[in-house]
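# Need coordinates for the below:
(chains A and B)
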2 protein chains.
Amino acid sequence: MISIVLLGTGNVAKHLFNAFGRIREVNILQVLGRDEDHLSYFKEKVATASDFTKIMDSDIYIIAVSDDAISKVAPFLQQKKGLVAHTSGSVPLKSLGRQKSRGVFYPLQSFSEGRTIDFKKVPICIEAEDKNDLALLKKLAQFLSLEVHEISSDQRKSLHLAAVFVNNFTNYLFTIGHNICKDNNLPFSILTPLIKETVNKLDYLPPDDAQTGPAKRNDAKTMERHINQLNNKNYQDIYSLLSKLIGEKYGQKL
Amino acid sequence: MISIVLLGTGNVAKHLFNAFGRIREVNILQVLGRDEDHLSYFKEKVATASDFTKIMDSDIYIIAVSDDAISKVAPFLQQKKGLVAHTSGSVPLKSLGRQKSRGVFYPLQSFSEGRTIDFKKVPICIEAEDKNDLALLKKLAQFLSLEVHEISSDQRKSLHLAAVFVNNFTNYLFTIGHNICKDNNLPFSILTPLIKETVNKLDYLPPDDAQTGPAKRNDAKTMERHINQLNNKNYQDIYSLLSKLIGEKYGQKL
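Residues are numbered from 1 along each chain as shown, chains lettered A, B, ... in the order given. Now for the predicted structure:
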């Protein structure tokens, strides 16, 4: 049995709380959060506290707070015996300060309020300096997921950056598609089969090989018409820049 | 029974040929293509011809060739009685010239060689000037798909533009993510659960509401670090532009 104290009350904390709650071998002892309102979600299910000097003893302390708050929470755990791990994609292991045992437990997924995630498929990136700590994090991660990866702080930093491109920026392109549909009385759902196929292709074809479109085939006439169709300067800028870079990438192969 | 002559031998033609082949109520009479090599795929299954003056008579002629070639193929059909329809997302109906019956049969999907597509989920956008022609195209489309939409030439042009954003440009962002992973000895597959969740969210949340990330929360420190992490000027330009536009969009809501 692994005992856990969870520090944080946001989306990641809630999703981890519910996922761990389904694992027989894991016992969540306590959830901590500064805000009593945010703690209310947990109150009927587990011990809670808003006073960080009242942290219970456990095997692992998981810090699931915003990046900036990690260094504020960590000092409260300095006298504890157990392993202290944060869940951030971009904060280095060393930022946890002089804990005896420190690690990272980073679930690489976008967690939304009220949405259930199949944790078995969520890649969990773990890191620790000590072999035993790493083994403990691995054991914990494998209870949740089939995708557990040992990832260094540098790798994790890059992964987080890549996630901005494939999640944040991709979603913004969907927003543009959404707006174009809205402006032309078209349901956005007409585009989702195409979007899903774009993504499903990744399972068997690297994205370099799946690229299509006017920019790749250097179809200047279509690109010019598209730019003129866009009545939004920002969208024109994105269209031009991405087309230019795709053109440069594939230009020599033509 | 609807009889069809298919003009074209590319990916769209092949996918339509195979999809129609499974429909009892549709009979493909002939496939035409200039290139004998490309015709070989069809030869054992149906009558073929490379001479466009030898087109057989049928109910519908489907022109599934590249955009530029449509106006070259259409004149060969001018004396025919049946309905002439092209499959392009960006070519107006009128480009088919003075056919008696003309229409559009545009399957909104990205078709790749050797990949099987479930046509039931492919939105088919139809257009025709005559009521009976539209009814015929609708009947044909509904044999293949559960998603049949009557779409004007202007709407279709916008849809095609939106598809460039959500398919071509999105795929390019995946390429950047792929390269960042490669440069850091990380498997790209570690990002695919996140990518799939980004897309699955679209079924219940408009992309405007699903936006997250440093640009949305105006996290200047993280954005600056990300820019410095990128050792590729092009990627830096994309990061800056997209972050700026996301920041502008959500700035007032903060």
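
# can you list contacts of the helix or strand hosting residue A:37?
Following DSSP states H and E, one finds residue A:37 within helix A:36-43. Helix A:36-43 is contacted from outside by A:9, A:10, A:14, A:17, A:31, A:33, A:48, A:50, using C-beta atoms under 8 Å, 6 or more residues apart in numbering or on different chains. Glycine gets a C-beta too; all of them are placed from N, C-alpha and C.

# which SS class is the fifth one?
In the three-state summary, residue A:31 is assigned as strand, counting by DSSP: H, G, I helix; E, B strand; the rest coil.

# can you check the first one too?
Following three-state DSSP, the label given to residue A:9 is coil.

# Can you get me a residue count around it?
25 (other C-beta atoms under 10 Å in any protein chain shown).

# measure it to residue B:160 for me?
45 Å (C-beta to C-beta, to the nearest Å).

# for residue A:132, what are its contacts?
Here residue A:132 is in contact with no residue (C-beta under 8 Å, 6+ apart).

# And for the top helix by length along chain A, what's in contact with it?
Taking DSSP state H as the criterion, chain A has its longest helix at helix A:233-251. Residues from elsewhere that reach helix A:233-251, judged by C-beta under 8 Å, 6+ apart: A:173, A:176, A:211, A:213-216, A:218, A:223, A:226-227, A:230, B:164-165, B:168-169, B:172, B:175, B:234, B:237-238, B:241-242, B:245, B:248.

# Same check on stretch A:10-27?
A:1-4, A:6-7, A:28, A:31, A:33, A:38, A:41-42, A:45-46, A:62, A:64-66, A:87, A:107, A:111-113, A:117, A:119, A:140, A:143-144.

# List only those of those residues flagged as buried.
A:2-4, A:6-7, A:28, A:31, A:33, A:38, A:42, A:46, A:62, A:64-65, A:87, A:107, A:111-112, A:117, A:119, A:140, A:143-144 (16 or more other C-beta atoms under 10 Å in any protein chain shown).

# Just the buried ones from the contacts of helix A:233-251?
Buried among the contacts of helix A:233-251 by 16+ other C-beta under 10 Å: A:173, A:176, A:211, A:213-216, A:223, A:226, A:230, B:164-165, B:168-169, B:172, B:175, B:237-238, B:241-242, B:245.

# In helices, which of the buried ones among the contacts of stretch A:10-27 appear?
Judged by DSSP H, the subset of the buried ones among the contacts of stretch A:10-27 located in helices is A:38, A:42, A:140, A:143, A:144.

# and residue A:50, how many neighbours does it have?
13.

# Residue A:25 now?
For residue A:25, using other C-beta under 10 Å, the count is 10.

# Can you give me the distance of it to residue A:8?
Counting by C-beta to C-beta, the gap from residue A:25 to residue A:8 is 22 Å.

# same thing with residue A:246?
Residue A:246 is 40 Å from residue A:8, by C-beta to C-beta.

# Specify the beta-bridge partners of the nearest residue to residue A:77 once chain neighbours are set aside.
Among residues not flanking residue A:77 along the chain, residue A:84 sits closest, at 4.9 Å (C-beta to C-beta, 6 or more residues apart in numbering or on different chains). Counting by DSSP bridges, residue A:84 is bridged to residue A:61, residue A:102.

# who touches residue A:84 in this structure?
By C-beta under 8 Å, 6+ apart, residue A:84 lies in contact with A:60, A:61, A:63, A:74, A:77, A:96, A:99, A:101, A:102, A:103.
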